[in-house]
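Colleague: model this:
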Amino acid sequence: MTQEKSTSNRLLKGTLILTAAGMVVKVIGSLNWIILSRVLGGEGIGLYQMAFPLYLLALSLSTAGIPVAISILTAEKIAKNDVLGRRQLFRASFCFLTATGLILSLAMYWGAAWLIDAGFIRDGRAYYSLLALSPAVFLVTLIAGLRGYLQGWQYMTPTAVSQIVEQLFRVMAMLFFASLLLPQGLAFAAGGASLGAAAGAAAGLAVLLYYYARLRRQEKSIGEAATPTAQPTESLGRLFKRLFKLALPVSLASLMLPVVANLDLLIVPVRLEAAGYSITQATELFGYLTGMGVPLVNLATMMTAALATSIVPSVSAVASLGQKHEVQERITTAMRMTNLVIFPASGALYVLAVPVATVVYGAPQAGDVIQVLAFGVYLLGVHQVTTGVLQGLGRPTLPVINMGLAAIVKIVLNYVLTAIPSLGICGAAWATNADFGVAALLNYYWISRHTGFRTDWAELGKTILATLLMSAAIYEAFVFLLPYNIPIAWLLLPLILLATVLYAAILLACGGLTLADAERVPFLGRRLASLLLRLRLKK
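Modeller: Okay, the predicted model is just below:
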């Protein structure tokens, strides 16, 4: 029981740390984009954006899913106390990433002029942005390798701190160099803004190197190297084979996201026109789906994205030792955390879809699409976490196959549903939900088959009940307050706070939350448990 509690605490703490860091990074990034847009204007931002996709492509090629593979193998070797194997893994993978990052960084630098001359980039003024981004490819590749290794230790603080520091230095450098070089022209200013990526990466890398050095000192202080197991270390060839076997499916999975997005671009507007909308209307509706609805779904699932990162090494560590019961316990903990967080997020977004669209985007017309996609919040959250579980089990190919099958379903439904006049863009939203849902369901099937994991339907029922009652209550509160002509922006935050309090209270009343749950909350666990004891809550 103590070990289970410790595992839950570590998993929850790592998830909350990554979630908090993700929120801070997004806030900083949003403020930066607003300010930078004012400095560079639309034309300057366009020059910056022309170079950025090539930068992202270079990063995808230089890392190719290897950080996740490093995390999995590191957790496995730590669990087996294979000290020599772990160090060999770190050295080999870091050398490989150094080489690939350096090659692609130099290729981007020396190939910038050719990309423009060949017509891949239409505006030659983006040349300076390409040059400025090239060093960041090398630095971010090293960052990815270090994060993967430290996450293999289930050590999430370095990732969180480095993300925040990287974003802060990136933003400061972008604004400083863009403003400094603006008198030289937009091309130089956009290049100056692009320098922020390298500056931020250098700062983030320094943070990770500090944490890595501290980890090495801790290893030496406990004399870990003196007592490794007698298990023979893998040969370098076998190590690289396993590394790429794990990394390739992860890389393919990351490539599928832009592929599916491009298929949406090809299918949805055309089928909206078939439903009777003009080209202008179809473009506007497509913007509601991809530019407003989907980003909100991604924002609402920020915690499950963090949980998916945390669960990979957690499951890998016990799976490598053949501890089936412990694997089930960790999956149960992860799925319970997912349900407790994502169900209310989905319910609240469904009820408050129009107010959210009005306040965030100034487009209440997007409310219908957001309301449909609210169901996708839960489905995407489950898909993210179950993908992390399968990767931790050493089966990264399964999520890729499942994503491919789900993408086929989405393409068919996009084609059929979007052309129905009564559905229109909501048909495309339902197709997106089906994409998440099919992938999540297939992931769940394979997890159950390989581990014997089963859902606790009684616990799930309490979560669903609390979500339904909470959603109904805030809907009634919104309808009650609407005739008073209070600005919606003033209503949204109080309604979200009311939803949070009601959801927690209902869960406590029906036994969906216990004293043990309160004790597991990082940083505030003791105070919450003390408060619940005062309320005479039984464990």
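
Colleague: to the chain's geometric centre, what's the distance from stretch 373-383?
Modeller: 13 Å (CA atoms, centre = their mean, to the nearest Å).

Colleague: How about Tyr10: what's its closest non-neighbour residue?
Modeller: In this structure residue 10 is Arg, not Tyr. Ranked by CB to CB, 6 or more residues apart in numbering and with sequence neighbours excluded, the top spatial neighbour of Arg10 is Gln154, at 5.9 Å. For every residue, glycine as well, the C-beta is placed using N, CA and C.

Colleague: Based on its surroundings, how many neighbours for the one you found?
Modeller: Residues near Gln154, counting by other CB atoms under 10 Å, number 22.

Colleague: Gln151 versus Gly101, what's the distance?
Modeller: Counting by CB to CB, to the nearest Å, the gap between Gly101 and Gln151 amounts to 19 Å.

Colleague: before we move on, what about Leu61?
Modeller: When distances are taken as CB to CB, Leu61 and Gln151 turn out to be 21 Å apart.

Colleague: if you count what's nearby, which of these two comes out ahead?
Modeller: More neighbours surround Gln151 than the other of Leu61 and Gln151, with 26 against 16 (other CB under 10 Å).

Colleague: Tyr415: neighbour count?
Modeller: Neighbour count of Tyr415, defined by other CB under 10 Å: 17.

Colleague: Hmm, Glu76 is touching Ser320, no?
Modeller: Yes. Distance between Glu76 and Ser320: 3.8 Å, which falls inside the contact criterion (CB atoms under 8 Å).

Colleague: So for the two, which sits in the more crowded spot?
Modeller: Neighbours were tallied for Glu76 and for Ser320 using other CB under 10 Å; the higher tally belongs to Glu76 (24 against 20).

Colleague: got the contact list for that one?
Modeller: Glu76 is in contact with 316-317, 319-320, counting by CB atoms under 8 Å, 6 or more residues apart in numbering.

Colleague: among those, which two are most distant?
Modeller: Within the contacts of Glu76, Ala317 and Ala319 form the most distant pair, 7.4 Å apart (CB to CB).

Colleague: Point out where this structure drops to low pLDDT.
Modeller: Within the chain, the segments meeting pLDDT under 70 span 1-9, 221-233, 258, 514-539.

Colleague: residue ranges of the helices in the stretch 51-200 of the chain, please?
Modeller: Secondary structure of the stretch 51-200 of the chain (DSSP state H, counting those that start in this stretch): helices at 66-79, 83-110, 112-117, 127-152, 157-181, 186-221.

Colleague: Same question for the stretch 201-350 of the chain.
Modeller: Across the stretch 201-350 of the chain, reading from the start of the chain, the helices by DSSP H, counting those that start in this stretch fall at 236-274, 279-287, 294-300, 302-319, 324-351.

Colleague: Check which helices and strands the first one sits against.
Modeller: Pointing back at helix 236-274 there. With contacts defined as 3 or more CB pairs under 8 Å, 6 or more residues apart in numbering; DSSP states H and E, helix 236-274 has these neighbours: helix 2-63, helix 66-79, helix 83-110, helix 279-287, helix 367-392, helix 397-417, helix 425-451.

Colleague: Of the ones you listed, which is nearest Ala308?
Modeller: In terms of CB to CB, the element of the helices and strands packed on helix 236-274 nearest to Ala308 is helix 367-392, at 3.5 Å.

Colleague: could you give the angle of the closest one to helix 236-274?
Modeller: With axes from the mean of the first three to the mean of the last three CA atoms, to 10 degrees applied, the angle from helix 367-392 to helix 236-274 works out at 160 degrees.

Colleague: Give me the phi and psi for the residue nearest to Arg10.
Modeller: Per-residue torsions, Gln154: phi 60, psi 40 (degrees, to the nearest 10).

Colleague: same check, this time on Pro421
Modeller: The phi and psi values for Pro421, taken as degrees, to the nearest 10, are phi -60, psi -40.

Colleague: from memory it sits against Ala275, does it?
Modeller: Yes. Using CB under 8 Å as the test, Pro421 is close enough to Ala275 to be in contact (4.8 Å).

Colleague: Comparing the two, which shows the higher neighbour count?
Modeller: Higher neighbour count among Pro421 and Ala275: Ala275, with 19 against 11, using other CB under 10 Å.

Colleague: Spit out the contact partners of the nearest residue to Tyr475 once chain neighbours are set aside.
Modeller: In space, Tyr475 comes closest to Val351 once its chain neighbours are excluded; the distance is 4.7 Å by CB to CB, 6+ apart. The neighbours of Val351, taking CB under 8 Å, 6+ apart as the test, are 471, 474-475, 478.

Colleague: This completes my enquiry, with thanks.
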